[in-house]
Every structure is written in structure tokens, then in C-alpha cells.
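Colleague: Sequence and predicted model, in that order:
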Amino acid sequence: MIERTKSILLLALVLCGVLSLFVTNISPYYYDIIIGVGINIILAASLNLVNGYTGQFSLGHAGFMAVGAYFSSWLTLSFGYLLGLGALGTTTAYVVALIAGGLLAALTGLAVGIPSLRLRGDYLAIVTLGFNEIIKGVIQNAEPLGAQRGLGGMAQHTNFFWTYAFAAVTVYVVLSLVHSTYGSGFLAVRDDEIAAEAMGINTTKYKVLAFVIGAFFAGVAGGLYAHFKQFVHPEGFNFLRSFDIVVMVILGGMGSTAGVCFAAVLLTILPEWLRAVAGSPWLPEWLRPIAENRMILYSLLLIILMLTRPQGLFGEVNLKRKKT
Amino acid sequence: MIEFLQQLINGLSQGSIYALIALGYTMVFGVLRFINFAHGDVFMLGAFAGLYTAPTLLKLFGGGPSLAAATAVLLAAMLICAFIGIVIERLCYRPLRERPRLTVLITAIGVSLFIESTGQYVFGVNPQSFPEIITDRAIEIPQSWGAISALTITAGQLIVVGVTLLLLIGLRAIVLYTRLGMAMRALSFNPLVASLMGVNTDVVISFTFGLGSALAGAAGILTSIQQPSIDPLMGINAGLKAFVAAVLGGIGNIPGAALGGVLIGFLEALVVGYINPTYRDPIVFAVLILILLLKPSGLLGKSEREKV
């Protein structure tokens, strides 16, 4: 199964490269959505490793995204000139900055994960949310990072190719990890933590590992985002952003990478489509603000989903049965 | 020293509000073992219930701000919030009672966001000014009291602390001396045995939600007396802080929630006064993380052993 996925991803990667060469005069609006879809796929697929496969409910993914976004932006802003060696040099500097952003996010993930993964369920959700707020608070007070004003002036390096290349890498890493012998540990932790521990699995190590890998890709996604929008603001990484990603994972189905990627695509395009619908004349006046406010629909979707189909669209986790 | 006392006074009134909200978290956790994420938003709805009922009630009690009018608004908000809390439990949480906790948690987050975003749609995104239901003024402290006279105490602060104390005493009486209160305690001790002994679980859970939500509604009015600018997202931050307070005091423990609320209020006031206002939220969360790591059962809570 994984071999087939690997070849599909490789094919997709080549296709991305070729496409990015030919598709040059696309309208900025659609380009924005397309890049947004790619970034959300990275975020959702990486969060799925934590929330879906390992069964730990993290509500702070945007915090790690912020770490990556700010660190990579700071790097390209401060040291970009060192590599003023033409296009190749700049691209190298950009990719190095992205990965460095991811690494710092992973390190943050380690620092957050080791203490908080001793908790579970509701507590973990609140603590990760708290860490998200702390990261945001630290950035808001960091003068070199623009504090409350936000940080801008990065060159727009992120393009179609890099976004989808990293999306493919994320999906590949997550899939091959959970389908490997070693990676069954993640599923074991999710399915029954106590039994897993009794079988000699180091549950803490698996949980922290999932957290660190998830944080790494969130950091990369943050870097991609920062170098696409060319401006980042602390409020852009608040818990509502984390929540967006969580909704994608839950809608797609926790523990189903294909489902989660589908949900990421759907939930990125849906608000844009609704915005278009909101402008159309046949819609009654009072419904327009609802169509424009995606959060009303997201939250309703979430409640109805939990009441009727808690495993999500494609999920395999059985959330209907109560664990004893 | 005077400045320190002043910060403590400011912290006490803010802390009372956290305490009232924290009680709702802690009571629901006591009977259902889950965190009602939407609780902070019920607090917000309390403030808006006051905003919409105040004009009518003020007219009823003679037009101007008065104690009677303020009491009426407070009771109206508490009733409305109790009703909302019971409806939320009935529609969203009761069907999920036999499901894993994660499902309920996600639903609770969904309910919270639904209330916030619908609130933005119904009430508008911009902050609105809360009508004056009682005159808030500084209280003169006689010069003869010495250095203490330099303190600023407002009528609003006294009202907040006083009403909180009254509500706490009322709650304690309900929990300790009524049949429903006894049923609540039985349920939080052991739900299965309680239902075997003839406790009607559904009624008790509804009652708990109603009681907690009424307290949150009261907190919504009290906070609006002091800071008369309310918006649909005001419940997020207050709710999170109150949750930290509930955990600090020991979640599931009613006196602990009150103690935790006051302590968090003190902490915030001291951070604002002596460090930097922008560090207020991060430091409160850091406290939460420290408690969960060092003493997850909180200051007054009992630790629970996990069973297979």
C-alpha cells in the first residue's frame, strides 16, 4: 500500500514542478487559494499524526506554525543578503530558512510535549491551547519580531512548487511512519494506552515523537505562509487558527490521511465559495452574514458531525463506543 | 505597601468574577467528568442578557439606576443563562453521554464556537456599551483612617465582591442542605451507585448545568458593571482564566474554585501592576501548566487514581 502511495506522491511532485513552469499567468485570487490549500494540507496532515493516529488532542498547532513563520522570516530578513548569489542562492537560503523554522518549531514541540503529554484528553487540549497563547504572547512582546505590529518585508519565495513539494513530503512522512512496524506504536497508544504500556511500548516517547514531527511540519507550513503573504501578525496564529486545523482533521476523519487532506481542500475552498454565494441575488438578505462567517457553519458542522458521525467522513477511529 | 494593597483590591473584584465562572466548570466536571468549553460563552450571554433586559427593567423600577433595578437585571440574566445552560446540555451533551470523552470535548468546543460566531452575527462584532444599572463611584475613605485613605475603592468593586459572597453562600447552602445538592454530591462521588440508589441522573445533571450557568450569568452582569463595554468574544478569555482558576483550586472542588478564582485575580493584578500588562495572559497559562505538572489535583482537590 505504501509503495503505491509513494509512487503517487512522486508523480504528484513531478506534476507540481511541471505545472509551476507552465502555469504562470493565473489570477492572484485563485493563486492565493491554491497556495492556501497546500499549506492547509501540510497543517492538517501533520496535526493528524498527533490528533488522529496517536490520539492526543492538541489544540495548539497554530503556535508551532507561528514559531516556524517568525523564525524563518527573521532568518531570511537578517541573513538573506549573505546568499545574494542569484536565484539559486536565494532559493537555497529560503529552503534552509524554512527547514530551520521547522526545526525550531520541533524543538518547541519537544519543550511543550515533554511536560504536557503526561496529561490526556481535556487537559492536554487546554494546555496546548495555553502554550499557543504563551507563544503568541512571547511574540507580541518580542521587539525584533515586530511585537504587536507584525513582521513584514519578506520576499515572496513561496510558490506552487515549494508548497506542494512540502505537502507531498508531509503526507509521505506521516504515511510511511504510521504504516511502518515502528509506527504501529502510534496506533497502539491511541487504541489503548494502558494495554500498549503493558506490552512494553514506551508511550511517552511515541507521544512526544508524534508531537515533535507534527510541530516540525507546522513550522514549515508557517514558513511557507510567511513567505507567501509577506507579512505575519501574532493574531494570525491565535487559537481560532488552531481550531481551523482541528476542524479539518475531525471532518476528514481522525487517522485517515486521505480524508484529512480532502477536508483541508474542502474547508479552504468552501469559505471562498460561500463568500461568492453570499453575493448572489437569490440568497435572502439575512442569510448573507451567515454565509460569510465560516465559523458559524464550521461549529454547526462539528456539532452535527459529533452527534451523527463522530468518526468523520473517512475516519477509522471508532468514537461511538465508550472505552472502559 | 499602599500600592500593593490597591492591586490586591483590584485583583479581588476581578478574581470574584473568575470564581463565579470557575464554579460552573468545577460543578459540571464534578458530575460529568468533562470540561464544558462553552461555559465562558454563557458568561458572555449573561452580559448580553443584561444589555437587552436592562432598558425594560430600568423603566419598571423608576427609570434611573437603582439597587432594585440592578437586582432585577442580575436575576433576569441568571434565569436566562440557567435556561441556556440546560438547553445546551439537553441538545448537545446528553446524546453523547455514553461516548468517549474526546467526542464530548470536540462537541463542547463546537458549541463554544457556535455561540461566539452566532453572537457576532446577532449582537454585532463591535463592542457595545452596557447601560448603567447602578451608579459606580469611588468611595470616600475618611482621612482619620490614616494611610489607608489613599486607596481607591469603587462601589462597583464592593458590589461585585458582596454579590459573589452572597452567591457563594447560597450555592453552599444548596449543595449541602438540599436534596438536589445531596444528589449532586452523590453523583460526583459515584454516578453508577448514585443512579442505583434512585438518584435521577438526568434531572441532577440538568440542575447542575442550570446552577453553573446562572452563576456565569451573574458574573456577566457583575463584570459589565465595572467594565461597561461588552462584545461577543469576551467569554473566551474570561472562560479560559476561570478554567485555570478551577484547576488551580482543584477541579471538581467547589470551595477550591472560589479560592482559585481569587488567587488568579490577585496574580493578574500583580502582573499588571508590577511587571507588564502584556504578560498577563501568558503568565496565567504558565501557572496552569505548572499546576498540572506539579500538583494536578490542585490546591484543595483529591487526587484520583487511574483504573484499568
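Modeller: Sure thing, it's come through.

Colleague: all strands for the chain, in order.
Modeller: Defaulting to chain A. For chain A, the strands defined by DSSP state E occupy A:151-152, A:231-232.

Colleague: try again with chain B
Modeller: Using DSSP E, strands in chain B cover B:128-129, B:138-139, B:153-154, B:229-230.

Colleague: and of the ones you listed, who's closest to chain A?
Modeller: Of all the strands of chain B, strand B:128-129 sits nearest to chain A, with 17.0 Å by Cβ to the nearest Cβ. For the C-beta atoms, the positions are set from N, CA and C on the backbone; glycine is no exception.

Colleague: Distance-wise, check residue B:160 relative to residue B:267.
Modeller: As judged by Cβ to Cβ, to the nearest Å, residue B:160 and residue B:267 stand 18 Å apart.

Colleague: So for these two, which residue has more residues nearby?
Modeller: Counted by other Cβ atoms under 10 Å in any protein chain shown, residue B:160 and residue B:267 do not tie: residue B:160 has more neighbours, with 25 against 20.

Colleague: I'd guessed the more buried one sits against residue B:222; true?
Modeller: Yes: if you go by Cβ atoms under 8 Å, residue B:160 and residue B:222 touch, sitting 4.7 Å apart.

Colleague: what touches both of the two?
Modeller: Here residue B:160 and residue B:222 have B:16-17 as joint contacts, going by Cβ atoms under 8 Å, 6 or more residues apart in numbering or on different chains.

Colleague: now the longest helix belonging to chain A, how far from the chain's geometric center?
Modeller: As assigned by DSSP state H, the longest helix anywhere in chain A is helix A:86-116. How far helix A:86-116 lies from its chain's middle: 14 Å, per Cα atoms, centre = their mean, to the nearest Å.

Colleague: Report the contact partners of the closest residue to residue B:279 other than its chain neighbours.
Modeller: In this structure, residue B:279 finds its nearest non-sequential neighbour in residue B:271, 5.8 Å apart by Cβ to Cβ, 6 or more residues apart in numbering or on different chains. By Cβ under 8 Å, 6+ apart, the contact set of residue B:271 is B:277, B:279-280, B:283.

Colleague: Kindly recompute the last result at 10 Å.
Modeller: Going by Cβ atoms under 10 Å, 6 or more residues apart in numbering or on different chains, residue B:271 touches B:7, B:11, B:277-284.

Colleague: Return the distance of it relative to residue A:256.
Modeller: Here residue B:271 is placed at a distance of 44 Å from residue A:256 (Cβ to Cβ).

Colleague: What residues does the stretch 51-200 of chain B have near chain A?
Modeller: B:91-92, B:95-122, B:124-125 (Cβ under 10 Å from any Cβ of the partner chain).

Colleague: Of those, just the buried ones, ChimeraX syntax please.
Modeller: Listed next is the ChimeraX selection for buried residues among these, using 16 or more other Cβ atoms under 10 Å in any protein chain shown:
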select /B:92,96,99,100,101,102,103,104,105,106,107,108,109,110,111,112,113,114,115,116,117,118,119,120,121
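
Colleague: Which of the residues of the stretch 51-200 of chain B next to chain A fall in helices?
Modeller: Among those, the members falling in helices are B:101-122 (criterion: DSSP H).

Colleague: Count the residues that sit near the residue nearest to residue B:44 when sequence neighbours are not counted.
Modeller: Residue nearest to residue B:44 in three dimensions, not counting chain neighbours: residue B:235, with 3.4 Å by Cβ to Cβ, 6+ apart. Residue B:235: 29 surrounding residues under other Cβ under 10 Å.

Colleague: hang on, isn't residue B:235 packed against residue B:40?
Modeller: Yes: using Cβ atoms under 10 Å, residue B:235 is in contact with residue B:40, at 3.8 Å.

Colleague: Now list whatever residues contact both of those two.
Modeller: Contacts common to residue B:235 and residue B:40, judged by Cβ under 10 Å, 6+ apart, are B:21, B:112, B:115-116, B:216, B:219, B:242.

Colleague: okay if I get those residues as JSON lines plus pLDDT?
Modeller: As requested, the shared contacts of residue B:235 and residue B:40 are exported to JSON lines (pLDDT from 0 to 100):
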{"residue": "B:21", "pLDDT": "94"}
{"residue": "B:112", "pLDDT": "91"}
{"residue": "B:115", "pLDDT": "93"}
{"residue": "B:116", "pLDDT": "90"}
{"residue": "B:216", "pLDDT": "94"}
{"residue": "B:219", "pLDDT": "94"}
{"residue": "B:242", "pLDDT": "92"}
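
Colleague: Next, the residues that contact stretch A:264-272 from outside, please.
Modeller: Counting by Cβ under 10 Å, 6+ apart, stretch A:264-272 makes contact with A:29-30, A:32-45, A:47-48, A:167, A:244-245, A:247-249, A:251-252, A:263, A:273, A:291-295, A:297-298, A:301, A:313, all of which sit outside it.

Colleague: at 8 Å what do you get?
Modeller: Stretch A:264-272 has contacts (Cβ under 8 Å, 6+ apart) with A:33, A:36-37, A:40-41, A:43-45, A:244, A:247-248, A:251-252, A:294, A:297-298.

Colleague: and chain B, which of the residues you listed reach it?
Modeller: Subset of these in contact with chain B: residue A:298, counting by Cβ under 8 Å from any Cβ of the partner chain.

Colleague: so which of the contacts of stretch A:264-272 is the most crowded?
Modeller: With neighbours taken as other Cβ under 10 Å, the top of the contacts of stretch A:264-272 is residue A:44, carrying 34 neighbours.

Colleague: Can you check the pLDDT for residue 24?
Modeller: Answering for chain A, as no chain was given. With respect to pLDDT, residue A:24 has a value of 66.

Colleague: Chain B was what I was after
Modeller: 90.

Colleague: For burial, what's the neighbour tally of it?
Modeller: By other Cβ under 10 Å, neighbour count at residue B:24 equals 31.
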